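Asker: Quick check, what structure comes out for this input:
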Amino acid sequence: PADDTEAYRTELACALQDMNVPVKFAHHENGIGQQEIEIKAMPCAVRMGDACQTYKHLARIIARKHGFVATFMPKPIHADSGNGMHVHISLWKNGENRFYDKDAKYNMSQTMRYFVGGLLDHARGTAAITNPTVNSYKRLVPEYEAPVFIAWSPINRTALIRIPARYGNPRSINCEPRHADPSANPYLVFAAYIQSGLDGIKKKIEPGDPVNENIFHLPADRLKALGIGRLPGSLGEALEEMQSDDISKKALGKHCFDAYIELKKKEWHTYSTQV
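Answerer: The predicted structure is shown next:
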């Protein structure tokens, strides 16, 4: 259906196509003035990072032409849906999707289960990368479509990781971590996700059973019984988790890791000392 931002969204999608950033679809999202333009899968994380940066740059330029201001703040409007950066990941070798198993439940291979297990296991430790600003944690609250609880499900959008797939189609299955937001550096996010998933494969980390009920409505004792943790509640808490997470260090490299921690601690201190 038509809306006031349709012309803007169409021009942006066409400009991306012209710059070899393939667009899968574009539509108005749930929030006020909120847009979603999904980029088609690419075989290289670095190239996808380039595409994300191109997308942000063009979005701002074209918005000004239409009299709008484009923001990638995770939570720009109180009591409205925040902005997420959902990432779809699949693992390929010799032309085959290693996440697919036609005989397994949900068509999820054991390799995929371990990969998802790694993502869940390191979700708290990499949160300062995926959700890097104080504003990020205004989005990560229940009931506003952003995932808060560390769980997975094929259908449940209140879980951290969703498994979208057209069952029986080996090309479609992937895992979708939904907690990152667009204030994050996409290159660092992709590095953190890949290293977390590979660590899950290396250590054979099982993700547990899927949670197919609305996690936002579960009482504390039920969450505890299911072993469901939650993401950090602030940038300060996320930085504490990151400092002890070996995968964050591996994903960023020591030099970048140390510089990142120092920078973000200054941001958190500045925020904490102001009213």
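
Asker: so which helix or strand takes in Asp199?
Answerer: Taking DSSP states H and E as the definition, Asp199 sits inside helix 186-203.

Asker: For the stretch 1-150 of the chain, which segments count as helices?
Answerer: 6-18, 45-65, 110-121, 127-130, 136-139 (DSSP state H, counting those that start in this stretch).

Asker: got CSV for these, with mean pLDDT, distance to Glu36 and mean neighbour count too?
Answerer: (Each C-beta comes from the backbone N, C-alpha and C, glycine too.) As requested, the helices of the stretch 1-150 of the chain are exported to CSV (pLDDT from 0 to 100; distance: least, CB to CB, whole Å; neighbours: other CB atoms under 10 Å):
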stretch, mean pLDDT, distance to Glu36, mean neighbour count
helix 6-18, 96, 9, 16
helix 45-65, 96, 11, 16
helix 110-121, 97, 22, 24
helix 127-130, 97, 18, 27
helix 136-139, 95, 15, 22
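
Asker: mind checking which of those helices is nearest Val275?
Answerer: Closest approach to Val275 among those (CB to CB): helix 136-139, 16.5 Å.

Asker: Which strands or helices does the closest one pack on?
Answerer: Contacts defined by 3 or more CB pairs under 8 Å, 6 or more residues apart in numbering; DSSP states H and E place helix 136-139 against helix 235-243.

Asker: and after the helix it packs on, which helix or strand comes next?
Answerer: Per DSSP H and E, the first helix or strand lying C-terminal to helix 235-243 is helix 246-252.

Asker: and for that following helix, what are the contacting residues?
Answerer: In this structure, residues lying in contact with helix 246-252 by CB atoms under 8 Å, 6 or more residues apart in numbering are 122, 125-126, 128-129, 188, 191-192, 194-196, 199, 242, 257, 260.

Asker: out of those, what pair is the most spread apart?
Answerer: Distances among the contacts of helix 246-252 were taken as CB to CB; the most separated pair is Asp199 and Tyr260, at 19.1 Å.

Asker: ends of stretch 215-225, how far apart?
Answerer: Terminal residues of stretch 215-225 are spaced 13 Å apart (CA to CA, to the nearest Å).

Asker: Okay, buried residues for that stretch please.
Answerer: Residues of stretch 215-225 classed as buried: Ile215, Leu218, Leu223 (neighbour count, 16 or more other CB atoms under 10 Å).

Asker: residue ranges with poor pLDDT in the stretch 101-250 of the chain?
Answerer: Counting by pLDDT under 70, the ranges of the stretch 101-250 of the chain that qualify are 166-168.

Asker: Next, name the residue at the spatial heart of the chain.
Answerer: With distances taken as CA atoms, centre = their mean, the residue of the chain nearest its centroid is Ala180 (3.3 Å).

Asker: Tell me the pLDDT of Asp3.
Answerer: For Asp3, the pLDDT comes out at 87.

Asker: Identify the spatial nearest neighbour of it, chain neighbours not counted.
Answerer: Excluding its sequence neighbours, the residue lying closest to Asp3 (CB to CB, 6 or more residues apart in numbering) is His28, at 5.0 Å.

Asker: That neighbour and Leu231, how far apart?
Answerer: His28 sits 27 Å away from Leu231, going by CB to CB, to the nearest Å.

Asker: the more surrounded of the two?
Answerer: Higher neighbour count among His28 and Leu231: Leu231, with 22 against 17, using other CB atoms under 10 Å.

Asker: Please spell out the PyMOL selection for the buried subset of the contacts of helix 246-252.
Answerer: Per 16+ other CB under 10 Å, the buried members of the contacts of helix 246-252 correspond to this PyMOL selection:
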select buried, resi 122+125+126+128+129+188+191+192+194+195+196+199+242+257+260
